[in-house]
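Asks: quick one, what's the 3D model for this:
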Amino acid sequence: MDDLGELQCSSSRRASSAERGGAPLAELVIRDVEGENLRARRDRVKRANVYRRALDAQVALEREFVERDRSAASREDAARARARAAHEDAMRERERAEANRRRREYVAYLDRQVRERRERERVARDLERRMEEEEEERIRLAVEEERAILQEKRLAMAAREALIGDEKKRRSPRVTHSPPASPRVSPRIVPSSTGLDAAEVTERNVSAPPYVTIPEYIDVDRLTTTTTTVSAPTVDAATASELASIIKELVVETRELRARLSRAEDELARTRAST
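Replies: Next up is the predicted model:
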């Protein structure tokens, strides 16, 4: 408005001066055209300024929007970063807690395994000790039983040997004459010692061989076949044979018992040495 008023004032002043000076009409028209051009240029400048200010305002507004969006995005990024950091911290904490829990469970599992292994070893040691004690007790009882049986056999042998005499269980001295098996006259049966009558005694003496071979050593088994009973007149041939067979059985059983006793003692010694 100020520019337009100034333009009108200047044009009116030029017109009044032209009228006073007597200027021609063409000059006045040219001056009006110049004034119109000036006004048009000023209008364009004004519109340009208005447009520039509008553009500046729009650019400023857009810049403000951009800055606002950028700040909002930065705030959102910061919030997301904080949330991500909090989530990662929570995950690390959960992983740490899970690792601690697994470690405690593993340690408890190892402790349980150690306790179970120690319990199994203790049970195995107790079982082995019980088995060894039972085996030692069984061996001890077997040894005592064998010793008792051997003692009974020895007592029985001593009793039977007392009946048949000591001469039948010992070796007779070797005959030193030559030849070692020289013949001798067969002994005759005495009626008073056998309880037979004279006819039976005579018949047996006639049927008996004339000579009997003298052995190098006295055989206990052959003593039972001898028909004479001079050393033990109260024992007949059947009793002597039975006693001889019993003595042989006792000798065999004694050897077996001694062998079993020796094996049991060796086993007991090995068991004690291993423990």
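Asks: so where's the stretch 151-275 of the chain shaky on pLDDT?
Replies: 165-236, 275 (pLDDT under 70).
Asks: name the SS class of Thr239, please.
Replies: Each residue gets one of three states, and Thr239 gets helix by DSSP: H, G, I helix; E, B strand; the rest coil.
Asks: quick one, strands of the stretch 101-250 of the chain?
Replies: Secondary structure of the stretch 101-250 of the chain (DSSP state E, counting those that start in this stretch): strands at 183-185, 211-213.
Asks: where do the helices of the protein begin and end?
Replies: 2-21, 25-164, 191-194, 198-207, 220-223, 237-274 (DSSP state H).
Asks: now those helices as a markdown table including mean neighbour count?
Replies: To be clear about C-beta, it is placed using only N, CA and C from the backbone, and glycine gets the same treatment. Shown next, in a markdown table, are the helices of the chain (neighbours: other CB atoms under 10 Å):
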| stretch | mean neighbour count |
| --- | --- |
| helix 2-21 | 12 |
| helix 25-164 | 11 |
| helix 191-194 | 13 |
| helix 198-207 | 11 |
| helix 220-223 | 14 |
| helix 237-274 | 13 |
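Asks: and the gap between Arg122 and Arg129?
Replies: 10 Å (CB to CB, to the nearest Å).
Asks: Val66 too?
Replies: 91 Å.
Asks: next one: Asp111
Replies: From Asp111 to Arg129 the distance is 26 Å (CB to CB).
Asks: same check on Leu61?
Replies: Counting by CB to CB, the gap from Leu61 to Arg129 is 99 Å.
Asks: repeat for Ala142
Replies: Distance from Ala142 to Arg129, by CB to CB: 20 Å.
Asks: same deal with Leu163?
Replies: 50 Å.
Asks: one more: Ala148?
Replies: For Ala148 relative to Arg129 (CB to CB), the value is 28 Å.
Asks: show me what contacts Asp140?
Replies: Let me fix one detail, which is that residue 140 is Arg and not Asp. Leu268 (CB atoms under 8 Å, 6 or more residues apart in numbering).
Asks: which pLDDT does the model give it?
Replies: Looking at Arg140, its pLDDT is 82.
Asks: what's the answer for the one 5 residues further on, then?
Replies: As summarised for this prediction, Glu145 has a pLDDT of 83.
Asks: how much space between it and Asn37?
Replies: 154 Å.
Asks: go on, Leu250?
Replies: 169 Å.
Asks: low-scoring pLDDT stretches of the stretch 1-150 of the chain, where are they?
Replies: Looking at the stretch 1-150 of the chain by pLDDT under 70, you get 1-31.
Asks: again, only using 90
Replies: Counting by pLDDT under 90, the stretch 1-150 of the chain has low-confidence residues at 1-48, 52-77, 128-150.
Asks: mind giving me the domain ranges of this protein?
Replies: By the record's domain assignment, the chain is partitioned as 2-80, 133-172+179-274 (automatic domain parsing).
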